[in-house]
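# Sequence and predicted structure are below.
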Amino acid sequence: MFNSKTMSSSKAKLNSKTLSAAMLLLCTQFVSAAVTTEQAHKLGHQLTPLGAEKSGNKDGSIPEWSGGLSVAPTGFLDGQHMIDPYAGDKVLYQIDALNYQKYKEQLTVGQITMLQKYSDTYKINVYPTRRSVFVPEAIQAKVKTNATQAELVDGGNGVKGYDSYYPFPIPSSGQEVVWNHLMRYRGGSIDREHSQVITQSNGDFHEVRLKEVAIYPENMDGHNDSKDAGNIMVYFRQMVTSPARLSGTVLLVHDTVNQVKKPRSAWIYNAGQRRVRRAPQAAYDGPATASDGLRTADNFDMFTGALDRYDWVLEGKQELYIPYNSYRLTNESAGYDDLISKGHLNPDFIRYEKHRVWKVVAKLKKGESHIYAKREFYIDEDSWQIAYIDQFDSRGELWRVSEGHLVQYYYANTPWLAAEAVYDMPSQRYLVLGLHGSSDEPVRFGTKAKKSDFVPTALRRLGIR
């Protein structure tokens, strides 16, 4: 079995163009198996507690992980929006349409396409790399146990033998890497009010306000009473609060671990009809809530849902410029007129850093259906957060680019998204999800809930207006 050290190699430019045919064959032949105790011992030593390479890269542009950001910066007040702990950092250099060839080995197809398409306005501002990811020590301990016990089942469509989060810190397949994203730690629960902003090709935009709660089993009172308790990964509820024509619509999802054994269960309350209905469309490439057709159901949180429609190939590790520590996106002083520009988010509000990422390519299986025939995933090694996705249509043309803006929520010891964007290449429209600067409160983690509030019969009273 290989690990993150052997996959990375001393050449920091490993990508799909340079990866040897022998390594590709090796990746596709591996079957899931827990690692040995000796290999697991690397966690917290040669590897970080979550499985990333602890050391920096050869030229020092990626530093050694030294523990992450576990303490709030001076000046932060609990209960308020975060302040930028790296506000003093300056731009090291800028990548644009004129010089991107110099950096192309560390750019995705989508990034290069954006630089070419919006040559006058789009740029990548590169800042010093800050390896800010940190999770509580109790979670770190579970990860080490998972390394020797967790296994894929049902062809990689489920997981067994894991405890809570990060089942495969030393992965050997594309599916294992993606499961780490799906099962990453997000504070035990997420409670937020945020905006989904949809921008047209001429730069005009409109806002949809959402209130969402995601509760993981550890924080759900009554979870163990469910007959499907062992297969539930998260309980999710989403309510539209504006505009008025959509207000009161409520979506409820019980997301399962093995969605082939038991598919995701979803219900929707329509405020206009005052009825609760099953929502089988809330999966795969079904339309996402109020997204104007720009986001599929499994585009949420970059990627969420079942893996069964794709073949997943692990292509190794490479260094990439990805959005990281973009705390300006969480600041309430940043209005949409500042953030939203024609074609893409305002680059002056986005921070990019060079990090090591896992590359996983998902190709649609023969006989299966999805609007994306191929998806290229780039997953941050420190957090297991998907940072970038290039999504292609059935002709092999780049269709959409998804970008996840990770920050460390230092008040909750939780790495997660400040926002995520989906750029539609043909229409030149885009969507940004998760902007919460205009909310009175920051994202709340660790909320406790009752199972009785996350059942279909509870939806109507929530959506009445």
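Received, thanks.
# all strands for the stretch 251-400 of the chain, in order.
Counting by DSSP state E, counting those that start in this stretch, the stretch 251-400 of the chain has these strands, from start to end: 265-270, 275-278, 310-323, 340-341, 344-345, 352-364, 374-380, 386-392, 398-409.
# Select the longest helix from the protein.
What stands out as the longest helix in the chain, according to DSSP state H, is helix 137-149.
# Residues contacting the helix or strand just after that one, please?
Proceeding N to C from helix 137-149, the next assigned helix or strand is strand 151-153, under DSSP states H and E. The contact list for strand 151-153, computed with Cβ atoms under 8 Å, 6 or more residues apart in numbering, reads 32-34, 158-161, 173, 175-176, 179, 258. (Glycine included, C-beta is placed from N, CA and C.)
# Looking at the strands of the stretch 251-400 of the chain, which is nearest to Glu212?
strand 265-270 (14.0 Å; Cβ to Cβ).
# what's the offset of the closest one from the middle of its chain?
In terms of Cα atoms, centre = their mean, to the nearest Å, the centre of strand 265-270 is found 23 Å from the chain centre.
# name the helices or strands packed onto it?
The contact analysis (3 or more Cβ pairs under 8 Å, 6 or more residues apart in numbering; DSSP states H and E) places strand 265-270 against strand 250-256, strand 275-278, helix 459-463.
# which other residues reach it?
Residues outside strand 265-270 that contact it (Cβ under 8 Å, 6+ apart) are 248-254, 256, 275-280, 282-283, 456, 459-460, 462-463.
# Export only the CA atoms of it, formatted as PDB.
Extracted as PDB, the C-alpha positions of strand 265-270 are listed here (Å, rounded to 0.1, in the frame of the first residue of the first chain):
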ATOM      1  CA  SER A 265     -34.400  10.400   2.000                       C
ATOM      2  CA  ALA A 266     -35.700  13.900   1.300                       C
ATOM      3  CA  TRP A 267     -38.900  15.900   1.700                       C
ATOM      4  CA  ILE A 268     -40.000  19.400   0.700                       C
ATOM      5  CA  TYR A 269     -42.700  21.700   2.100                       C
ATOM      6  CA  ASN A 270     -44.100  24.100  -0.500                       C
END
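# model confidence over it, on average?
Averaging pLDDT along strand 265-270 gives 95.
# Now do the buried residues in it.
Buried residues in strand 265-270, counted by 16 or more other Cβ atoms under 10 Å: 265-269.
# could you dump the residues you listed to JSON lines with distance to Asp311?
Formatted as JSON lines, the buried residues of strand 265-270 follow (distance: Cβ to Cβ, whole Å):
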{"residue": "Ser265", "distance to Asp311": "26"}
{"residue": "Ala266", "distance to Asp311": "26"}
{"residue": "Trp267", "distance to Asp311": "31"}
{"residue": "Ile268", "distance to Asp311": "31"}
{"residue": "Tyr269", "distance to Asp311": "37"}
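# closest to Val360 among those residues?
Nearest to Val360 among these: Ala266, at 25.8 Å, using Cβ to Cβ.
# For Tyr216, see how far away the closest one is.
Distance of Ala266 to Tyr216, computed by Cβ to Cβ, to the nearest Å: 17 Å.
# before we move on, back to that, between the strands of the stretch 251-400 of the chain, which one is closest to Gly51.
Closest approach to Gly51 among those (Cβ to Cβ): strand 352-364, 10.1 Å.
# Show me which residues of the closest one are buried.
Neighbour counts over strand 352-364 (16+ other Cβ under 10 Å) mark 352-362, 364 as buried.
# again, but for stretch 139-156
139-140, 142-144, 146-148, 150-152, 156.
# which pair in those spans the largest distance?
Pairwise distances across these (Cβ to Cβ) peak at 25.2 Å, for the pair Gln140 and Gly156.
# Sketch out the low-pLDDT regions of the protein for me.
1-33, 437, 463-465 (pLDDT under 70).
# Run through the helices of it in chain order.
4-8, 21-29, 37-40, 109-117, 137-149, 174-182, 336-339, 459-463.
# how deep is the spatially closest residue to His344 that is not a sequence neighbour tucked in, by neighbour count?
Closest residue to His344 apart from its sequence neighbours, by Cβ to Cβ, 6 or more residues apart in numbering: Tyr122 at 5.5 Å. By the criterion of other Cβ atoms under 10 Å, Tyr122 has 21 neighbours.
# Test my guess that Tyr122 contacts Leu345.
No: using Cβ atoms under 8 Å, Tyr122 is not in contact with Leu345; the gap is 9.4 Å.
# sorry, back to before: please report the distance of the residue nearest to His344 from Lys144.
According to Cβ to Cβ, Tyr122 and Lys144 sit 42 Å apart.
# if I pick the closest residue to Asp292 other than its chain neighbours, what's in contact with it?
Spatial nearest neighbour of Asp292, excluding adjacent residues (Cβ to Cβ, 6+ apart): Ile198 at 4.8 Å. Ile198 sits next to 205-208, 291-292, 294, 429-431 when contact means Cβ under 8 Å, 6+ apart.
# What about these, which are in strands?
Counted as lying in strands by DSSP state E, out of the contacts of Ile198, are 205-208, 429-431.
# For Lys104, state which of those is nearest.
Of all these, Lys104 sits closest to Tyr430, with 22.9 Å by Cβ to Cβ.
# Grab the nearest non-local neighbour of the closest one.
Nearest residue to Tyr430, sequence neighbours excluded (Cβ to Cβ, 6+ apart): Tyr423, at 4.5 Å.
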